[in-house]
Every structure is written in structure tokens, then in C-alpha cells.
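Participant: can you look at this prediction? I've put the sequence above it.
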Amino acid sequence: MARGQFISLEGGEGAGKSTQSQLLCRRLESYGIETLATREPGGSPGAEEIRVLLVSGKTERWDPLTEALLHNAARHDHVQRTILPALRRGVWVITDRFLDSTLAYQGYGQGVELDELSRMGNLAAGAAMPDLTLILDLPVDDGFARTERRSDDVSRYEQMDRAMHERLRQGFLSIAEADAARCRVIDAAPGADSVHDAVWKAVQARFDIKT
Ligand code: TMP
């Protein structure tokens, strides 16, 4: 059986990744492709426990390197227990965040050395490198306006300052430029259906899916 394809969705707060993940899975399923939607931090029982440590509490709860190590510990568990077994069964895995989030948030956003993060990320991800990464790009203020409407439950990251969020947005764009073979930047400002059309075009082109 052919290994499934691995797609990561990335972006700042409020970019609409989870909605796009659902829409993409539905579209792929309509072509008879079995999918698994998952997320980071989280995606396996152990990684979901680590997620609670990462998203709750005060912003200064962890220093940025500790945080990067925790994200990568969660990632390794997610890869071993969820992602690789699914890919080996031929299932396409769509993850809401992966390696690039650590580079953008803990690296560009919080100042951890990028080379160290890449080494750590490669160790954690092992054989699970995304075949395609879609970076949903949105101005920081628009993203915050969306998350404010969504809930009263503000995560640690949403409390971090605006300048950090601006740096990580630029970080995602730099990542896309440096790895153009893997990454596509999608304008996340329009409504969900238009963003989905752009996502679907990128997926069709990358995996040669005929309409
Ligand atoms: P979510 O809100 O997209 O579910 O993600 C939770 C938060 O975790 C989000 O604010 C981004 C942050 N995050 C990192 O800082 N580094 C990482 O490696 C990942 C996967 C997420």
C-alpha cells in the first residue's frame, strides 16, 4: 500500500487553520481518500497532556527554550503514536500546526536560535516531514479580532505582545520563502470558502489530483 500524504497547515492566531483542515478533509474524502485530521500541540493522548501545560497559565510560565523542548516532546509522541501509523496505512494526515510553528513562535517570535530549533525539530519529527505545508497568512490584528469573537478562553500565546505576533507572521513568510518546494502561502483574509478554494488548488497541483 502507498504511504499517505502528509499536509501541515500553519499560521498565526485566528488564521482559520482548523476550519480549513475540516474543509480539506471533507474534499479529499469526496475523492475517496481516507484522511486523519490532527493538531499540535496534541494529537495523541500524551501530547494532549503536554498541550495543557503549554497553553494554560501565565505567559512567563516557561522560558522559550523549555517551551520549544516541550513542543518537540509532544511532537515526537504525536509522530510515533498517530502520524506515522496513519501514513503507513495509506491515510492522508492533515495536521493543524507542525514543525514550522516552533520555528515561527519560539524562534522568530521568542528568540530561540533557529539552527537549534531545526535540529530539535528534525529529531522529533524523524521520518514524518510534511509533503506540503500551507501557510495561512493574515494581518495580526485581523487574527486577534477573530479569536476575540471566538472565545473568552485566552491561551498563553494570545496574551503575548503584538510585536511577538508580528515577528512570527514574518517568520512564517521567511520559512515559506526558504522552502518554496514544500510551502505555499495562502491569503487567509477572505471568507472560509474562498480560502478553501485556494487551499484546494494548491493541494490538487501538488498531488496531481484531477477534477
Ligand atoms: P492552537 O491555538 O493553534 O491550537 O495552538 C496553541 C498555541 O500553541 C498557539 O498559540 C501556537 C502555539 N504553538 C507554539 O508556540 N509552538 C509550536 O510548536 C506549536 C505547535 C504551537
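Facilitator: Perfect, thanks for sending it.
Participant: let's verify the nearest residue to Ala2 once chain neighbours are set aside: helix, strand, or coil?
Facilitator: Nearest residue to Ala2, sequence neighbours excluded (C-beta to C-beta, 6 or more residues apart in numbering): Gly90, at 6.0 Å. In short, each C-beta sits where N, CA and C put it, glycine included. Here Gly90 is recorded as coil under DSSP: H, G, I helix; E, B strand; the rest coil.
Participant: now check the helix or strand of the chain with the lowest mean pLDDT, is it near the ligand?
Facilitator: Least confident element among the helices and strands of the chain, by mean pLDDT, DSSP states H and E: helix 140-150 (a mean of 88). No - judged by C-beta under 6 Å from any ligand atom, helix 140-150 makes no contact with the ligand; its nearest approach is 8.3 Å.
Participant: in that helix, what counts as buried?
Facilitator: Neighbour-count burial for helix 140-150, counted by 16 or more other C-beta atoms under 10 Å, picks out 140, 143-144, 147.
Participant: likewise stretch 118-128?
Facilitator: 120-121, 124-125, 128.
Participant: next one: stretch 63-71
Facilitator: Here stretch 63-71 shows 65, 67-71 as buried, counting by 16+ other C-beta under 10 Å.
Participant: low-confidence stretches in the protein?
Facilitator: Along the chain, segments meeting pLDDT under 70 span 151-154.
Participant: which stretches in it count as strands?
Facilitator: 6-11, 35-39, 92-96, 132-137, 183-187 (DSSP state E).
Participant: reformat the ones you listed as TSV; add mean neighbour count and distance to the ligand.
Facilitator: Shown next, in TSV, are these (neighbours: other C-beta atoms under 10 Å; distance: least, C-beta to the nearest ligand atom, whole Å):
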stretch	mean neighbour count	distance to the ligand
strand 6-11	26	9
strand 35-39	19	6
strand 92-96	25	6
strand 132-137	23	11
strand 183-187	19	16
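Participant: now do the phi/psi pair for the residue minimising distance to the centre of the chain.
Facilitator: Here the mean C-alpha position of the chain is nearest to the C-alpha of Arg97 (C-alpha atoms, centre = their mean), at a distance of 1.4 Å. The phi/psi pair for Arg97 (degrees, to the nearest 10) reads phi 80, psi 140.
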